[in-house]
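predicted model, plus sequence, below.
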Amino acid sequence: MEREIKVKINGVFNLTDAHYFAAAGADYLGFCIDENKPDFCNHIKIKEIISWLEGPEYVLETQNPVSDEKIFFYKEETGIQHLHISENIPLIPLSADVKTFKDIAPENCTEMALHSIDYPVFKSSKSIKDILKYDLERIQTVCQSKDCFLDFIWENVEDILEVLDKTGAKGLVLHGSEEIKTGYKDFEWMDEVMEMVK
């Protein structure tokens, strides 16, 4: 691409993913702090993983309502200054002093929904064809004034490039996953994506 795209990796919970994406140029690595999720990372595991890395910034991720106290604790223990929350969660009070990513369905995008969000993340399970048909204009409008990220179900690299180009979005969300076996994963598709956007 003619412009460099910011890349955020959601749900990092093993060192194999962390090493790969940091070396590949990912800008943000996210760690889930919801105890009920399979990719949960406590503060000890997060510190252990990031101690091996250089380059990315780090993000705390939650799909549950979270207290100021929990955010302050994780910030103090890990030094992480970013938070990614799901669409159904009210914004964290400004006293938490974090930069905020927030998931938003394109059809729910309103001025109120975008208020105080640093990085809107358009998230949808629709097909890319339907997103371009029904949601493109509203995504384009927000991308003109905000640094937006896209978290869609990508079937190929060509779709990613087309949607990034048409929307003007500044960022792309990809997802960490389990290892095939300890220390081993197949990153062939991710290699292609990262080479195209970096």
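Done, it's in. Numbers count the residues shown, from 1 in each chain.

from here on, contacts and neighbour counts on C-alpha atoms
OK.

mind listing what's buried along the worst-scoring helix or strand of the chain on mean pLDDT?
Within the chain, no helix or strand scores below helix 111-114, which has a mean of 80 by mean pLDDT, DSSP states H and E. By 16 or more other C-alpha atoms under 10 Å, the buried positions in helix 111-114 come out as 113-114.

beta partners for Asp151?
For Asp151, the beta-bridge partners are Lys123 (DSSP bridges).

Phe152: neighbour count?
Residues near Phe152, counting by other C-alpha atoms under 10 Å, number 20.

with the one 4 residues further on instead?
Counted with other C-alpha under 10 Å, the burial measure for Asn156 works out to 11 neighbours.

now swap in Glu158 and tell me
Other residues close to Glu158 by other C-alpha under 10 Å number 12.

I'd like the average pLDDT over the host helix or strand of it.
Per DSSP states H and E, Glu158 falls inside helix 157-167. Mean per-residue pLDDT for helix 157-167: 97.

let's number from 58 now, not from 1
Shifting the count to begin at 58 puts that one at helix 214-224.

identify the residues contacting the helix or strand following that helix?
Next helix or strand after helix 214-224 toward the C-terminus (DSSP H and E): strand 228-232. Applying C-alpha atoms under 8 Å, 6 or more residues apart in numbering, the set of residues contacting strand 228-232 from outside is 62-69, 204-209.

compute the inter-axis angle for the helix holding Glu215 and strand 228-232.
Comparing the axes of helix 214-224 and strand 228-232 via axes from the mean of the first three to the mean of the last three C-alpha atoms, to 10 degrees yields an angle of 150 degrees.

how far out from the middle of the chain is helix 214-224?
Centroid separation for helix 214-224 versus its chain: 17 Å, with C-alpha atoms, centre = their mean, to the nearest Å.

flag every buried residue along it.
Within helix 214-224, judged by 16+ other C-alpha under 10 Å, the buried ones are 217, 220-221, 224.
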